[in-house]
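Peer 1: quick check, what structure comes out for this input:
(2 chains)
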Amino acid sequence: MTSALSVSAPAAPEGRRPRTAPGGRRPRTAPAWVWALPPVAVLGLVFLYPLALVVRESLAPGAYADVLGSASFRDALVTTVWIAVAATAGCLVLGFALALVIAFVPFPGAKAVAKFIDVFLSFPSFLITLALLFLYGTVGMANGIWTDVTGAATGPFRFLTTPWGVLLAEITYFTPFVMRPLLAAFSQMETAQLEVASSLGARPLRIVRQVILPEALPALAAGGSLVLVLCLNEFGIVLFTGAKGVTTLPTLVYGKAILESDYAAACVVAVVNVVLSTGLYALYRGVSRRAGA
Amino acid sequence: MLVHSRTGRWTAWALFAVLFVPLFALPLLVVLAASFSTNWSGAFPSGPTTAHYAAAVRGESLQALTTSLVTAVTASLIALTAGTWAALASAALGKRGRRIVDALFMLPVAVPSVVVGLAVLVAFSQPPVLLNGTRWIVVLAHTVLVTAFAHQSVSAAIRRLDPMYEQAAAGLGARPSYVLLRVKLPLLLPSLNAAAGLCFALSMGELSATMMLYPPDWTPLPVLVFTATDRGSLFTGSALAVVLMAATLLALLAVSRVRTKASYR
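Peer 2: Okay, the predicted model is just below:
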């Protein structure tokens, strides 16, 4: 640090400033933004400048018309959006139900389950697809049980290489992202409200609908929009499914750039994907700021 | 307690178990079980073996593990430094400046990792900086991706920090550098540890940007898991995945031990 900064002398009335201004140390010679410059410059060099190059590359003549007009792009866009929306809905329902039981119908080991959810978040997403291959793959547990029981040659479960397999994997992997903010919100809830409602004769379902759900809405909105963004950007799950029939925008970017070496097209798809997900992410930040999360 | 009747409670628990066990517990268990077997054609795996693990700690696989560890540690350390610096600097800014810096540093979360990979590939395959084909491009992409998370958790911790401590130190005549090094950073240490664990775990499991960038001599473990499963060696792939999970968990455990020590300071 420089000696120029050492002349901070908090005057007496400064102590009465509201706490939101951290430190209350306005009077100093080197302005605060000077200290913000180096990290922002580094970020600009390694992230913003590359991103700008992607945008520039996507502006190659005819690239947008070619890509936006192609059936493979439109298919990928539709698949990406519907899988993401369906997975988000599934995560919200499942996460709400599971968090409800953990928080309000606690059982021995509920704390351990909540811990397990945290650990689950630190594993890579493709593990889930790998596991589903053993559970529902052509030679897997579910089909194995079916052939053992019925004596048939093959089992009925072959949805893994379709969008439904991706959907199941995404719901499994992203539900904890909804549960975490929900459990945090539930832990701050006044249990007296529930007791009052219950002693006034409200049935559990009515308490959930009229007391818990309104309280949980901000956390649900925040968790849901985060999951929506993450699902739009998910790559590992789709790649591991190994389904040539399921192409999402991220796998299309990979395919165009690495497999076909068509960088202009890859950049166009990338720009579309970035616009889609940053727009939603801005929405998420707005929602979660309002929710105080 | 929401449900008072005994049967109601058991119904809720049964529902929970029916949803939770097949969706969350079973996937991890089957990967573990598969990593010890040679065959899975019935309801359960068969042919118990440890050969996959013997192969997983040798040659190419061992190299992939060290590659992943080196990448994750390097990326986490750089990301932690940059993220903490940015968070501290933005906390000192006005409301507007803070929002701009925070938004800039959060952007890599919203941008798909594949696109981060593509952007880094496009930018550093041409002059002035040529990194394509070197290990540094992988480390760079990982750093960009995890810096956002480091910045997010450190700035959340700074917001929770009681400004009284630094005000008291400054009021007693401590210089800003002294306040930063002896008051603020020690108070932030538990959150810095948690952020380090998060960055490490994310970088260990990173696949999307890595698939766009990795040179043949710097293959991280997730890529190896993918190539193994892609060519049909599901059981080898699961053993590698278990090694990956174990390494991540061990690191997280070590970090959380450091954290408890720091929080009792």
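Peer 1: which other helices and strands contact the longest helix anywhere in chain A?
Peer 2: Identified as the longest helix of chain A according to DSSP state H is helix A:71-104. When contacts are defined as 3 or more C-beta pairs under 8 Å, 6 or more residues apart in numbering or on different chains; DSSP states H and E, helix A:71-104 packs onto helix A:110-121, helix A:163-187, helix A:213-233, helix A:249-254, helix A:263-291, helix B:6-20. From N, CA and C alone the C-beta is placed, and that goes for glycine too.
Peer 1: quick one, it and helix B:6-20 angle?
Peer 2: Helix A:71-104 and helix B:6-20 are oriented at 150 degrees to each other (axes from the mean of the first three to the mean of the last three C-alpha atoms, to 10 degrees).
Peer 1: before we move on, the earlier item: out of the helices and strands packed on helix A:71-104, which is closest to A:Phe134?
Peer 2: Nearest to A:Phe134, of all the helices and strands packed on helix A:71-104, is helix A:163-187, at 12.7 Å by C-beta to C-beta.
Peer 1: enumerate the positions of the closest one that are buried.
Peer 2: For helix A:163-187, burial by neighbour count (16 or more other C-beta atoms under 10 Å in any protein chain shown) applies to A:163, A:165-183, A:185-186.
Peer 1: how far away is A:Ala264 from chain B?
Peer 2: Separation of A:Ala264 from chain B (C-beta to the nearest C-beta, to the nearest Å): 10 Å.
Peer 1: on that earlier part again, can you say which of the helices and strands packed on helix A:71-104 is packed in most?
Peer 2: Comparing these by mean neighbour count (mean count of other C-beta atoms under 10 Å in any protein chain shown), helix A:249-254 ranks first with a mean of 27.
Peer 1: what's in contact with that helix?
Peer 2: A:72-73, A:76-77, A:80, A:232-235, A:238-239, A:266, A:269-270, A:272-273, A:276, B:112-115, B:118, B:208, B:211-212 (C-beta atoms under 8 Å, 6 or more residues apart in numbering or on different chains).
Peer 1: ok, the residue in chain B that chain A sits nearest to - how many residues close by?
Peer 2: Here the residue of chain B nearest chain A is B:Gly205; by C-beta to the nearest C-beta that distance is 2.8 Å. Residues near B:Gly205, counting by other C-beta atoms under 10 Å in any protein chain shown, number 25.
Peer 1: likewise the one 4 residues further on?
Peer 2: Using other C-beta under 10 Å as the criterion, B:Ala209 is surrounded by 27 other residues.
Peer 1: isn't it up against B:Pro112?
Peer 2: No - assessed by C-beta atoms under 8 Å, B:Ala209 is found out of contact with B:Pro112, at 9.1 Å.
Peer 1: find the closest residue to chain B in the stretch 101-250 of chain A.
Peer 2: Per C-beta to the nearest C-beta, A:Pro124 is where the stretch 101-250 of chain A lies closest to chain B, at 2.8 Å.
Peer 1: for that residue, pull up the helix or strand it's in.
Peer 2: In this structure, A:Pro124 sits in neither a helix nor a strand according to DSSP states H and E.
Peer 1: and if you look at A:Leu160?
Peer 2: Assigned by DSSP H and E, A:Leu160 falls within no helix or strand.
Peer 1: so it touches A:Gly245, yeah?
Peer 2: No - taking contacts as C-beta under 8 Å, A:Leu160 lies outside contact range of A:Gly245: 11.2 Å.
Peer 1: what segments of chain B are helices?
Peer 2: Using DSSP H, helices in chain B cover B:6-20, B:26-35, B:51-56, B:59-91, B:95-110, B:113-123, B:135-160, B:163-171, B:176-178, B:185-204, B:208-213, B:221-230, B:234-263.
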